[in-house]
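In: this one's sequence-less:
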């Protein structure tokens, strides 16, 4: 696991910037794997990016068959959260998808999860009490807002889940913001911070510097500068990560 300091450093970049570093070091397909394939909505964009380790839970708010077990299930689930190293990001799979009958996260649950060491949540379903959640400082990414909670109790936890078309295992490093999320494979964790920092600097010194055209060059000159910048950008990345990742 990364140190708390490293996780804080990761949050200085948005998730696309972290992705740019990750694609240089991974052997996974960066066009198909390890990030949300469906649209997400971040309801707390003013809070910026979050980084933490996945705590997973499965719900089905439309199903009342286990409602009588609610207190027991909640107690066991909260013990799981308390025993899981943080900082944690809760990833919720809602079995009612594509329908939404109730919210797992609202004012009470966001505050309770924050007290249990969670920095935010990714809920492939509904959330409610938006203003109250924002005031609690809890980052929330979800599919939609909804009014009620129905029978939104934890059914299973600490298991692999699917959220927004992406499989996520408990304990997996997550980086997320208003763009979506990246679920980092364990083998890529150790190099992620260095790769994100290098590729951000590489992009700023080449592509962004050329694209902003501070000298007011004519379009022909800008096009030439961009071509040279793109070549330099690719060269620096290839030199740094040659042989490290299939896609680098």
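Out: Noted; the coordinates are in hand. From a predicted model like this one, the values you see are computed outputs, not experimental measurements. Numbering: from 1, shown residues only.
In: Not counting its neighbours along the chain, what's nearest residue 211?
Out: Nearest in space to residue 211, with sequence neighbours left out and distances taken as CB to CB, 6 or more residues apart in numbering, is residue 226 at 6.5 Å. C-beta here means a position set from N, CA and C on the backbone, and glycine is covered the same way.
In: and what of residue 160?
Out: Closest to residue 160 by CB to CB, 6+ apart is residue 169, at 5.1 Å.
In: Which other helices and strands does whatever helix or strand the residue nearest to residue 211 lives in contact?
Out: Per DSSP states H and E, residue 226 falls inside helix 219-241. Other helices and strands packing on helix 219-241, by 3 or more CB pairs under 8 Å, 6 or more residues apart in numbering; DSSP states H and E, are helix 15-25, helix 189-203, helix 209-211.
In: quick revisit: my guess is the residue nearest to residue 160 contacts residue 158. True?
Out: No: if you go by CB atoms under 8 Å, residue 169 and residue 158 don't touch, sitting 9.7 Å apart.
In: Show the pLDDT at the residue located most distally from the centre of the chain.
Out: For the chain, the C-alpha farthest from the mean C-alpha position belongs to residue 218; by CA atoms, centre = their mean, that distance is 40.2 Å. On the pLDDT scale, residue 218 is placed at 85.
In: and what of the one 3 residues further on?
Out: Reported pLDDT at residue 221 in the predicted model: 84.
In: measure it to residue 230 for me?
Out: Separation of residue 221 from residue 230 (CB to CB, to the nearest Å): 15 Å.
In: go on, residue 222?
Out: 12 Å.
In: between these two, who's got more neighbours?
Out: Between residue 222 and residue 230, residue 222 has the larger neighbour count (other CB atoms under 10 Å), namely 16 against 13.
In: didn't the more buried one look like it was pressed against residue 210?
Out: Yes: the criterion here is CB under 8 Å, and residue 222 meets it with residue 210 at 7.4 Å.
In: and the end-to-end length of stretch 209-224?
Out: 13 Å (CA to CA, to the nearest Å).
In: meant to ask about stretch 60-68
Out: Stretch 60-68: ends 14 Å apart by CA to CA.
In: quick one: buried residues of that stretch?
Out: Within stretch 60-68, the residues that count as buried by 16 or more other CB atoms under 10 Å are 60, 61.
In: can you give me the helices for the protein?
Out: With helices called from DSSP state H, the chain shows them at 4-10, 15-25, 70-83, 107-115, 130-136, 189-203, 209-211, 219-241.
In: same for the fifth one, what does it pack against?
Out: Identification of packing neighbours for helix 130-136 by 3+ CB pairs under 8 Å, 6+ apart yields helix 107-115, strand 139-145.
In: With residue 71 as the reference, name the closest of those.
Out: Residue 71 lies closest, by CB to CB, to one member of the helices and strands packed on helix 130-136: helix 107-115, at 14.1 Å.
In: what comes into contact with that closest one?
Out: Contacting residues not belonging to helix 107-115 are listed as 78, 81, 90, 105, 121, 129, 132, 133, 136, 137, 138, 140 [CB atoms under 8 Å, 6 or more residues apart in numbering].
In: and the residues you listed as JSON lines, adding pLDDT, distance to residue 199 and neighbour count?
Out: Shown next, in JSON lines, are the contacts of helix 107-115 (pLDDT from 0 to 100; distance: CB to CB, whole Å; neighbours: other CB atoms under 10 Å):
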{"residue": "78", "pLDDT": "98", "distance to residue 199": "39", "neighbour count": "16"}
{"residue": "81", "pLDDT": "98", "distance to residue 199": "34", "neighbour count": "21"}
{"residue": "90", "pLDDT": "98", "distance to residue 199": "29", "neighbour count": "27"}
{"residue": "105", "pLDDT": "97", "distance to residue 199": "33", "neighbour count": "27"}
{"residue": "121", "pLDDT": "98", "distance to residue 199": "28", "neighbour count": "27"}
{"residue": "129", "pLDDT": "96", "distance to residue 199": "38", "neighbour count": "20"}
{"residue": "132", "pLDDT": "94", "distance to residue 199": "38", "neighbour count": "14"}
{"residue": "133", "pLDDT": "92", "distance to residue 199": "33", "neighbour count": "24"}
{"residue": "136", "pLDDT": "92", "distance to residue 199": "34", "neighbour count": "19"}
{"residue": "137", "pLDDT": "93", "distance to residue 199": "30", "neighbour count": "13"}
{"residue": "138", "pLDDT": "96", "distance to residue 199": "30", "neighbour count": "25"}
{"residue": "140", "pLDDT": "97", "distance to residue 199": "28", "neighbour count": "24"}
